[in-house]
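In: how would this look folded up:
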Amino acid sequence: MFAEAIEDILKDQCTPAAVRAIEAGGSPAALWDAVAGAGFLALLAPESEGGADLGLADLFPVLCHFGRYAVPVPVAQTIVAHALLAAQMALPSGMVTLAAAFRREADGGITCALTPYGLLADFVLARDGEALLLLPCAAARRQATGVNRSLTATLTWPDAAIADRVPSGCAILPAFGAALHAALLSGAMSRVFEMTLQYCNDRVQFGRSLGKFQAVQHQLSVMAEHTAAASMAAEAAFQGDGKAPSLLAAAMAKSRTSEAAMVVASTAHALHGAIGVTEEFDLQLLTRRLHEWRMAHGSEACWHKVVGEQVLAGTLSLADFVRSV
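Out: Here you go, the predicted structure:
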């Protein structure tokens with residue numbers, strides 16, 4: 001029900017033209033108001049706090065749609081932030097993103113490097129030891145990455161006293177950050193594969209469609225395998241009765257989806273040829289996000305280490321670990 005409802009909104013409000021406009025510096029207000037006004041920011045919040053108290057399994061397809069439509073605002077991050085903050089403080093009004101990194105400076109300032117949607121967000125929720133900090137972006141200096149149309153930014157606050165301290169929730173922030181980006185990657189990869197398959201069936205070369213050539217069929221098959229594996233890994237992170245993904249499940253999901261993102265993006269552009277990198281063609285809206293989301297909250301190398309440490313710390317053989325997990 002929620003997945004279908006959000007897709008109806010995104011079809012109307014998150015068109016490729018709207019995405020391009022926001023990336024170019026246009027106002028995200030119309031898109032943000034459409035999603036926030038429909039109540040989607042409170043999907044995970046408890047019913048006692050006015051939320052939908054949605055389970056993780058039902059949240060997954062909603063997040064995938066955000067990936068499929070290359071949503072250029074931090075809706076997924078705000079949903080998670082509201083769930084973490086609902087019982088502890090008055091919810092902030094506006095867009096909240098999750099810090100991928102946090103550092104206290106020697107002069108008393110705070111830096112959150114390479115924060116997803118850092119150029120647009122109104123607040124950043126960051127993990128500081130055993131607590132969370134809610135940081136207003138209006139008081140920060142924002143530094144863009146320099147990557148064309150990227151909304152990621154490094155934010156620096158000169159005075160740490162500007163932050164609101166939240167006592168609990170820090171333990172699950174890394175897992176949520178990894179899992180939600182795995183879901184976004186899964187949705188974006190599915191859409192990229194669909195676009196590539198359609199293009200190969202429609203594009204005619206040497207008297208037949210590209211999809212009839214065996215070499216192209218092989219590349220499409222590999223692409224489909226990675227897309228399906230990434231989707232299964234991401235969905236597995238959103239199983240169970242808990243209110244947050246486990247760290248191990250999130251680590252496996254993010255490592256597998258990040259690994260697949262490079263293969264899917266490169267294969268898509270190889271099969272599309274020169275048209276795929278043009279500003280007018282929609283493919284680059286998604287593949288740019290595959291590369292960006294792959295790095296957000298840790299690449300595959302980062303999360304492979306977490307999974308490896310879990311394997312070495314246990315008593316199970318590798319085969320038993322795979323079967324049990």
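In: residue contacts, the nearest residue to S150 once chain neighbours are set aside?
Out: In this structure, S150 finds its nearest non-sequential neighbour in E292, 6.4 Å apart by Cβ to Cβ, 6 or more residues apart in numbering. For every residue, glycine as well, the C-beta is placed using N, CA and C. By Cβ atoms under 8 Å, 6 or more residues apart in numbering, the contact set of E292 is P116, V147, S150, T152.
In: likewise for L44?
Out: G51, A52, D53, L54, L59, I79, V80, H82, A83, K243.
In: and which of the residues you listed is nearest C112?
Out: C112 has its nearest neighbour among those in V80, at 15.8 Å by Cβ to Cβ.
In: what packs against the longest helix along the chain?
Out: Taking DSSP state H as the criterion, the chain has its longest helix at helix 173-202. If you count contacts as 3 or more Cβ pairs under 8 Å, 6 or more residues apart in numbering; DSSP states H and E, helix 173-202 packs onto helix 56-68, helix 75-85, strand 96-98, strand 123-128, strand 208-209, helix 214-236, helix 247-272, helix 283-295.
In: buried residues in that helix, which are they?
Out: By neighbour count with 16 or more other Cβ atoms under 10 Å, helix 173-202 contains the buried residues 173-193, 195-197, 199-200.
In: any weak-confidence spans in the stretch 101-250 of the chain?
Out: Along the stretch 101-250 of the chain, no part satisfies pLDDT under 70.
In: try 80
Out: By pLDDT under 80, the weakly predicted segments of the stretch 101-250 of the chain are 169.
In: isn't L59 right up against L43?
Out: Yes. Counting by Cβ atoms under 8 Å, L43 is a contact partner of L59 at 6.2 Å.
In: what do these two both touch?
Out: Taking Cβ under 8 Å, 6+ apart as the criterion, L59 and L43 both touch I79.
In: picking up where we left off before, what's the angle from the longest helix of the chain to helix 56-68?
Out: Orientation of helix 173-202 against helix 56-68 (axes from the mean of the first three to the mean of the last three Cα atoms, to 10 degrees) gives an angle of 50 degrees.
In: how far does helix 173-202 sit from the chain's center?
Out: Helix 173-202 sits 9 Å away from the centroid of its parent chain (Cα atoms, centre = their mean, to the nearest Å).
In: can you list contacts of whichever helix or strand comes after that helix?
Out: Going down the chain from helix 173-202, the next helix or strand is strand 204-205, by DSSP states H and E. For strand 204-205, the external contacting residues (Cβ under 8 Å, 6+ apart) are L210.
In: partners of strand 204-205 in the sheet?
Out: Strand 204-205 sits in its sheet next to strand 208-209 (antiparallel), going by DSSP bridges.
In: what does the partner strand contact?
Out: C200, N201, D202, R203.
In: which of those lies closest to A249?
Out: Relative to A249, the closest of the contacts of strand 208-209 is C200; by Cβ to Cβ it sits at 34.0 Å.
In: could you verify my assumption that the closest one touches S221?
Out: No. If you go by Cβ under 8 Å, C200 and S221 don't touch, sitting 11.7 Å apart.
In: which neighbours do these two have in common?
Out: With contacts taken as Cβ under 8 Å, 6+ apart, not a single residue reaches both C200 and S221.
In: which pLDDT value goes with the residue lying closest to P46 once chain neighbours are set aside?
Out: Nearest non-adjacent residue to P46, counting by Cβ to Cβ, 6+ apart: D53, 5.3 Å away. pLDDT for D53: 88.
In: measure D53 to L84 for me?
Out: From D53 across to L84, the span is 14 Å (Cβ to Cβ, to the nearest Å).
In: between these two, which has more neighbouring residues?
Out: Counted by other Cβ atoms under 10 Å, D53 and L84 do not tie: L84 has more neighbours, with 25 against 14.
In: and that one, what's its pLDDT?
Out: 91.
In: how near is it to A230?
Out: 26 Å.
In: what does stretch 78-97 contact?
Out: The contact list for stretch 78-97 (Cβ under 8 Å, 6+ apart) reads 28, 32, 40-46, 49, 51, 59, 73-74, 77, 98, 115-118, 120-125, 132, 134, 164, 166-169, 172-173, 176-177, 180, 243.
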